[in-house]
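Engineer: take a look and give me a structure for this.
(one chain, ligands or ions: 2)
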Amino acid sequence: MLTIHNLSAGYGKVQVLHGISIDVPKGQVVTLIGSNGAGKTTTMRAVSGMIAPTGGEIHLNGKRIDGLEPYHIARLGLAHSPEGRRVFATMSVADNLLLGAFPRLTGSRPKGDVAADLEKAMALFPRLQERRTQLAGTLSGGEQQMLAMARAVMLNPEVVLLDEPSMGLAPILVDEVFRIIERLKAAGTTMLLVEQFAAAALAVADYGYVLENGRIAVHGRAEKLRNDPAVKAAYLGGGH
Ligand SMILES: Nc1ncnc2c1ncn2[C@@H]1O[C@H](COP(=O)(O)OP(=O)(O)OP(=O)(O)O)[C@@H](O)[C@H]1O
Ligand SMILES: [Mg+2]
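Structural biologist: Ligands and ions are numbered 1, 2, ... in the order given. This is a model prediction of the structure:
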């Protein structure tokens, strides 16, 4: 579904990713684990076209996407829920969600039933349902995070990139985010997940990759990584 082969990327002269390869098969959840600054967000940005890769290839559904513009990559079915709370502050919750479906409304993605999917998203995120006419900028941080996730899902995407969906959330909302990820997975959504709570991410994921200084250090089936002594010691201590 999504294959990243030998990807290099960075910012200006600073190279962050040194030839990483990741495979996200259809219907699976793959998690990318790593310390702060390892290059997880940079990987997401390179895949969604926010930064241009300097080497390697990325394919979505067999189609080469590296070097394409973000809007073009979105049209091909890649949705990115970015790190931080990137919502349209002066628009309502419902309008933010409809904007997520924009390529469907303009005919550059299969249309499907946008109105029905809006109601499905509301059912998946009850907090958003209660606040559907509220301006997104007035939502709490955690609610904005959920809105960014729900907006990504509204594309009806082939693959969703989730960059730290639980960042800054109270424990009860972290649990809710992971429950939502479980539900999306059960509905067959293909996801690449970056999470500070590595143990919880490996519990929901099928497969995992460990990124260290812009290189893949270890990868394997999620349950195998969960029991790997080195992974445990470095990434699974305490936390959620
Ligand atoms: N816009 C930017 N310009 C220059 N350097 C950047 C930029 N964004 C990130 N970097 C650098 O690239 C490296 C990787 O950052 P990245 O955000 O990908 O890490 P991360 O794995 O997502 O970390 P975290 O867990 O803290 O989110 C870091 O050294 C960071 O300082
Ligand atoms: Mg990051």
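Engineer: bridged to the spatially most central residue of the chain, which residues?
Structural biologist: Per C-alpha atoms, centre = their mean, the C-alpha nearest to the average position across the chain is that of Leu162, at 1.6 Å. Beta-bridge partners for Leu162, by DSSP bridges, are Ser81, Leu193.
Engineer: mind checking how far it is from Leu169?
Structural biologist: 13 Å (C-beta to C-beta, to the nearest Å). Placement of C-beta: from N, CA and C, glycine included.
Engineer: now Leu97
Structural biologist: 20 Å.
Engineer: next one: phi and psi at the residue lying closest to Pro103 once chain neighbours are set aside?
Structural biologist: Take Pro103 and drop its neighbours on the chain: the residue closest to it by C-beta to C-beta, 6 or more residues apart in numbering is Arg109, 4.1 Å away. Taking degrees, to the nearest 10, you get phi -130, psi 150 for the backbone angles of Arg109.
Engineer: and Ala233, by the same measure?
Structural biologist: According to degrees, to the nearest 10, Ala233 has phi -60, psi -40.
Engineer: now the helix or strand encompassing Leu32: mean pLDDT?
Structural biologist: Element membership of Leu32, judged by DSSP states H and E, is strand 29-34. Mean pLDDT, strand 29-34: 97.
Engineer: alpha carbons of that strand, in CSV - could you do that?
Structural biologist: Below are the C-alpha coordinates for strand 29-34, written out as CSV (Å, rounded to 0.1, in the frame of the first residue of the first chain):
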residue,chain,number,x,y,z
VAL,A,29,-1.2,-0.5,11.5
VAL,A,30,2.6,0.1,11.4
THR,A,31,4.2,2.2,14.1
LEU,A,32,7.4,4.2,13.9
ILE,A,33,9.2,4.5,17.3
GLY,A,34,12.1,6.6,18.2
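Engineer: run through who's touching the next helix or strand after that strand.
Structural biologist: Scanning forward in sequence from strand 29-34 by DSSP H and E, the next helix or strand is helix 40-48. By C-beta atoms under 8 Å, 6 or more residues apart in numbering, the surrounding residues in contact with helix 40-48 are 2, 4, 7, 9-11, 16-17, 20, 22, 32-34, 51-53, 58, 65-66, 70, 73-74, 78, 80, 82-83, 161, 163, 192, 194, 211, 214.
Engineer: looking at these, which are in helices?
Structural biologist: Counting by DSSP state H, the part of those found in helices is Pro70, Ile73, Ala74.
Engineer: my read: the second one touches Gly49, true?
Structural biologist: Yes. In this structure Ile73 lies within contact range of Gly49 using C-beta atoms under 8 Å: 4.5 Å.
Engineer: can you list residues touching both of those two?
Structural biologist: Shared contacts of Ile73 and Gly49, defined by C-beta under 8 Å, 6+ apart, comprise Ile65.
Engineer: pLDDT score for the residue nearest to the centre of the chain?
Structural biologist: 96.
Engineer: Val14 versus that one, what's the distance?
Structural biologist: 25 Å.
Engineer: mind checking pLDDT for the residue in the chain that ligand 2 sits nearest to?
Structural biologist: Residue nearest to ligand 2 within the chain: Thr41 (3.2 Å; C-beta to the ion). Looking at Thr41, its pLDDT reads 96.
Engineer: Gly239 now?
Structural biologist: Predicted confidence (pLDDT) for Gly239: 50.
Engineer: repeat that for Ser108.
Structural biologist: pLDDT for Ser108: 88.
Engineer: what is the neighbour count of the closest residue to it other than its chain neighbours?
Structural biologist: Using C-beta to C-beta, 6+ apart and skipping the chain neighbours, the partner closest in space to Ser108 is Arg75 (4.3 Å). Per other C-beta atoms under 10 Å, the neighbour tally for Arg75 reads 18.
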